[in-house]
Structure formats: structure tokens, C-alpha cells
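# got a sequence here, can you build the structure:
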Amino acid sequence: MRFFFLFCLYVTSAYAEQAFPKSSSSPTPTATPIVFSPRTLADLKRLQQAALKSDYAYKQVAHLANNIGPRLSGSAQAAKALAYVASELRAMGCEVQLEKVMVSHWVRGEEAAALVQFPGQAENTTQKIVLCALGASVATPPDGITAEVVVAKNFDELKALPRDKVAGKIVLFNYPFDKQMAAEGRGGEAYGEAVVYRGDGPSAAARQGAVACLIRSVGGADYRLPHTGQTNYADHALKIPAGAVTAEDADLMADLIRQGPVKMKLILTPQQMPDVESFNVIGDIKGSEHPEQLVIVSGHLDSWDLGTGAIDDAAGVAVSMDAANLIEKLHLKPKRTIRVIAWMNEENGLRGSKKYAKDNEKEMSNHFAVMETDGGAGHPLGINIKGNPEVKKMLAPVAAILQESGAGMLNLVEHCGADIELLEKAGVPAFSPIQDSRFYFNYHHTAADTLDKIVPKELVENSAVVAVAAYALANMEQPLPR
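Alright, predicted model coming up:
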């Protein structure tokens, strides 16, 4: 309670300094410049209240997830989704452009695995293993691969094995996602520790002579849910079939291998099709005073194909669209242009964001700020900031407003989003909502990423953060330090 009182005292003081600077008989070099006008602060309050009552974002998530469904790059659903979002942005009054980008088109195919030899096996039986292919995985031969399984917890354990103990075998990386870390609200950190095995595991196994690689699914999912995601084949390693098994099946195999030899039959039949023409969807609300200066709000439109991509990342697209929707409905006039972007191909290539950065390379100085929402739809606690520490002080009055819905934290971070990384590196101040990550990785990249995981109240709280932050940045009375 004492912390909360001191926090309120701080933000109230900051608000007073910004909105009502002390009068002086003569200008002095130490006078605090106004960051937000009283009119802007009042409009931010209106935006927040309107967002908390809006069902617009939920309707958008529902349509993208339920009506259109999974939206893997290159798919018919991805094409349908970008046409839909473009139409919605036009309908609310945005100036819309479609930025062409060639994207990867990978098709999952058949997935099957079974243990065909293991200690204690009943005669003429097998044990089914629940798994999925990793994005970009190559296929097994049509009749599959039958080979012994060798387990390693991490890269060091694999390297410690003699090559002849790995060559010709299927490697299983059994690195567990840290559920305790996630329960403490550090889901992103837990994910970062485990996901390196999804990205680099197959090539590490191939260098040791393995014929296929499996990883323990990244995330906290129970109920034998496999977790997909992109793998990254190294340039100088053989491409071998790669998949993710459920946490339960990883434990099963590790236990059996401690008892004796385990052999698996594995069938994966993905196909890498020719690249497909696709688009980033860009919608602008033109600024009234500085239309050339851009404040971006964004999410990515593509999703993995096991679920329907509700939390990853229809939610991020929807709250970004809602920011524009609310500003238009309240007839607000941002001084800078607010640009909504629905990125394409975040999940398996980032080609959409790379294309945007290339196309706008000479306009980076006009990119005032950029925000991405790609952490689901959990309750927002505040705003992450990748930028000059002074930015945090400047946004104190915005934090005071957002604290009314429990989102008043301002946190300096090293990275705010995959799609905005190149803009970050170009020096553009970057932002993202701080979202409750305790449960996100239970569903992320699994078949359970569906509409029912969206809590409407928490979704509108995210809309409020994005809309308030976007309009605040667009109407600042001074530039952001870089």
C-alpha cells in the first residue's frame, strides 16, 4: 500500500509538472518544457474509458480466429485475413496500402511417430508418440525413418556423446520449459531459454550424424499438446527431419532409454512450396500538424496452423486496429500520423517486417515511435520501452492515466518485438504492452491457441494501453530523444 501511495504521488507530481508548469516572471533555462497539453491528457482519459467499453477488438479476434482460422504464410487463410483487415481499416476511414512481400509457403503434411522397440514391450505392440513437425522441417522418406532414439538434455550433453553413439540415430533434446519461472511472470525468459533447442537443435544433431531430431515441446502445455514453431537450419549442416514431441512423451522416452534401447518409427511429410506473393496491411490516420512523422501500432497477421491464432497474434492485430477505431470514433485529431500495420510472415521468416524496413530505409528519421503487441491478450501491467531513459520520465503522465486500469508500469527493456526489431536497431523508440505471461506459453503455438483463451476484459485493457500510448506519442509537444 505504501508503494502504491508513493507511486501515485510520483505520477501525480509528474502530471502537474507537465500539464501545469510553474509560472515565472521571466523564462529560465531550467523551466520544464510541456510534454503533453491539458487537452491531450483529457483526450487520453476519454480514449481509455472508450476502450474499456469497446467490443471492437474482440469482434476482430473472433472473426480472424473463428471465421478465417489458422493463417500460416502463403495459405489461403492468410490471403483472406489480409483482405479482411484492409477492408476493415478502409471502413473506419484509414488510408490503406498493401505492401507486397514474397513469403515462405511451407505445408505441414502427415505427422506420425511410434515406439516400435522398448524395454518391457508387450509382443506385437507399439507406443504412440504425439508430435508435430517444426516449421521449415524437411520430410522423412515416404515410408518413414526407423532408428534408435538417443536423449540429451542440452547441447553440452550431446557434444559429450561419441559420434558413433549418435550417428544414424534420432536425437531427442529433453530440455524442460521452466514452469516456475513462468508462474513468477517471467514466461518470456523461460521461453527464451528453451526455444534455442527448437531453433538450433536439428543442425546440432545433424553435425553429430543424427538422421532426425526431436525436441521437447517449448512451453508449459499439459494434456499432451505439441508445440510447433520455426527451426533454423544452419548453412553448413545437413537438413534432417525435425519435430516437437509433447512434454509427457519426452519424459516417457527418457525414462525408457534409461532402462535400455528404444527404437522409433517417424513419419513427417512437410513440403516447402514456392514462395507466394503476400502483403503487409498498412492503414494511416493522417496527422494534422506533422503528417510525415509516423507512430506505428502493430501486430502480426500470420499464425501457426495447429490452432486458430487467437492469442498469437489476432489479439495484437485487433488491439492495433481498435486504436485507430477509437480515435476515429471520438473524432480525435492526432498531430502525427498514426499507422496501423498488420505484419505478414512473423512466424516463419519475418519477411514482412524486413521488407518494410528496406522500403522505408531512407524514412527512418520520420518514424517517431513504433509499438508491437505480440504477447497474447493477458492483463497489461504497463508499457515496455526500448529507447532513451528520458522517455520513461516523459511518459509519467500517461502512466498515471493507465494506472487506473492497473497498467501504470513503465519498464526499460532491450527489445520490444520481433517485427519492429529492425526499426529498434535504426534508433526508432520502441514500445510494447507489458502483458501477464504466466499462462501464455501454455497455449502459444499449440492447437489450444483458440478464441476461448481470450478474456474479453483483459483484451479491452490491452486496447486501452495501445490506444492511449499511440495517441500520447502522436500528440507529444516535443520530440522523443533517441
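
# how about the helix ranked longest in the chain: buried residues?
Using DSSP state H to define each element, the chain has its longest helix at helix 187-207. Neighbour-count burial for helix 187-207 flags 187-188, 190-191, 194-207 (criterion: 16 or more other CB atoms under 10 Å). To be clear about C-beta, it is placed using only N, CA and C from the backbone, and glycine gets the same treatment.

# now stretch 169-188
Neighbour count says stretch 169-188 has 169-179, 181-182, 187-188 buried, by 16+ other CB under 10 Å.

# same check, this time on stretch 66-84
68-75, 77-79, 81-82, 84.

# residues making contact with that stretch?
63-64, 98, 103-106, 273, 275-276, 278-279, 281, 301-309, 342, 344-345, 347-349, 351, 451 (CB atoms under 8 Å, 6 or more residues apart in numbering).

# now the buried members of those residues.
With neighbours counted by 16+ other CB under 10 Å, the contacts of stretch 66-84 contain buried members at 63-64, 103-106, 276, 278-279, 281, 301-309, 342, 344-345, 347-349, 351, 451.

# in helices, which of the residues you listed fall?
Counting by DSSP H, the part of these found in helices is residue 351.

# now, the buried ones among the contacts of stretch 66-84 that are in strands?
Among these, the members falling in strands (DSSP state E) are 103, 104, 105, 106, 276, 278, 279, 281, 342.

# within the helices and strands, which one has the nearest residue to the fourth one once chain neighbours are set aside?
Excluding its sequence neighbours, the residue lying closest to residue 106 (CB to CB, 6 or more residues apart in numbering) is residue 272, at 5.5 Å. Assigning secondary structure by DSSP states H and E places residue 272 in strand 271-285.

# report the distance from that strand to the chain centre.
17 Å (CA atoms, centre = their mean, to the nearest Å).

# ok, now stretch 361-380?
The answer for stretch 361-380 is 12 Å, by CA atoms, centre = their mean.

# tell me the span between the first and last residue of it.
32 Å (CA to CA, to the nearest Å).

# report the buried residues of it.
Residues of stretch 361-380 classed as buried: 367-380 (neighbour count, 16+ other CB under 10 Å).

# of the residues you listed, which pair is most distant in space?
For these, the maximum inter-member distance is 29.0 Å, found between 367 and 379 (CB to CB).

# what does stretch 462-472 contact?
By CB under 8 Å, 6+ apart, stretch 462-472 touches 36, 40, 43-44, 47-48, 50-52, 54, 56-57, 295, 297, 315, 318-320, 322-323, 326-327, 332, 334, 338, 371, 373, 377, 380, 382-383, 395, 398, 401-402, 405, 407, 431, 433, 435.

# before we move on, what about stretch 143-156?
Contacts with stretch 143-156, where a contact means CB under 8 Å, 6+ apart, come from 112, 116, 158, 161, 165-166, 168-175, 197, 200, 204, 210-212, 214, 241, 253-254, 257, 261-267.

# same question for stretch 230-241, mean pLDDT?
Mean per-residue pLDDT for stretch 230-241: 96.

# could you give the separation of that stretch from the chain centroid?
Its chain's average C-alpha position is 23 Å from that of stretch 230-241, according to CA atoms, centre = their mean.

# can you give me the end-to-end span of stretch 151-162?
With CA to CA, one end of stretch 151-162 sits 13 Å from the other.

# buried stuff in that stretch?
Buried-residue list, stretch 151-162, by 16+ other CB under 10 Å: 151, 152, 155, 158.

# ok, the last one to residue 201 distance?
Right, the one you point to is residue 158. 9 Å (CB to CB, to the nearest Å).

# what do the two both touch?
Residues touching both residue 158 and residue 201 (CB under 8 Å, 6+ apart): 171, 173.

# the stretch 1-150 of the chain: strands as residue ranges?
95-107, 111-117, 127-128, 131-133, 145-152 (DSSP state E, counting those that start in this stretch).

# which helices and strands does the third one pack with?
Contact here means 3 or more CB pairs under 8 Å, 6 or more residues apart in numbering; DSSP states H and E; on that basis strand 127-128 packs against strand 111-117.

# quick one, the strand it packs on and strand 145-152 angle?
Angle of strand 111-117 versus strand 145-152, following axes from the mean of the first three to the mean of the last three CA atoms, to 10 degrees, is 80 degrees.

# outside of stretch 448-458, which residues touch it?
Contacts with stretch 448-458, where a contact means CB under 8 Å, 6+ apart, come from 55, 58, 61-62, 65-66, 221, 225, 303-304, 306-312, 315, 376-380, 436, 442-443.

# actually stretch 346-357, sorry about that
For stretch 346-357, using CB under 8 Å, 6+ apart, the contacting residues are 72-73, 99-104, 106, 135-136, 229-230, 278, 280, 300, 302-304, 313, 341, 343-345, 374, 418-423, 426.

# still on that earlier bit, so which of the contacts of stretch 462-472 are in strands?
295, 297, 338, 371, 380, 382, 383, 431, 433, 435.

# for the protein, give me the ranges with low pLDDT.
1-32 (pLDDT under 70).

# residue ranges of each domain in it, please.
What automatic domain parsing lists as the domains of the chain is 2-23+34-104+275-474, 109-269.

# quick one: residue 98 and residue 69, what's the gap?
As for residue 98, its distance to residue 69 is 21 Å (criterion: CB to CB).

# hmm, back to that, dump the domains of the chain to a markdown table, plus distance to residue 482.
Shown next, in a markdown table, are the domains of the chain (distance: least, CB to CB, whole Å):
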| stretch | distance to residue 482 |
| --- | --- |
| domain 2-23+34-104+275-474 | 5 |
| domain 109-269 | 25 |
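
# pick the most deeply packed of those domains.
domain 2-23+34-104+275-474 (a mean of 21; mean count of other CB atoms under 10 Å).

# which residue is nearest the centroid of this structure?
Note on the chain: the residue nearest the mean C-alpha position is residue 374, at 3.2 Å, using CA atoms, centre = their mean.

# contacting residues for that one?
Counted by CB under 8 Å, 6+ apart, residue 374 has contacts 299, 300, 312, 313, 316, 346, 417, 418, 419, 432.

# before we move on, the earlier item: just the contacts of stretch 143-156: which are in strands?
Among the contacts of stretch 143-156, DSSP E puts 112, 116, 170-173, 212, 214, 263-267 in strands.
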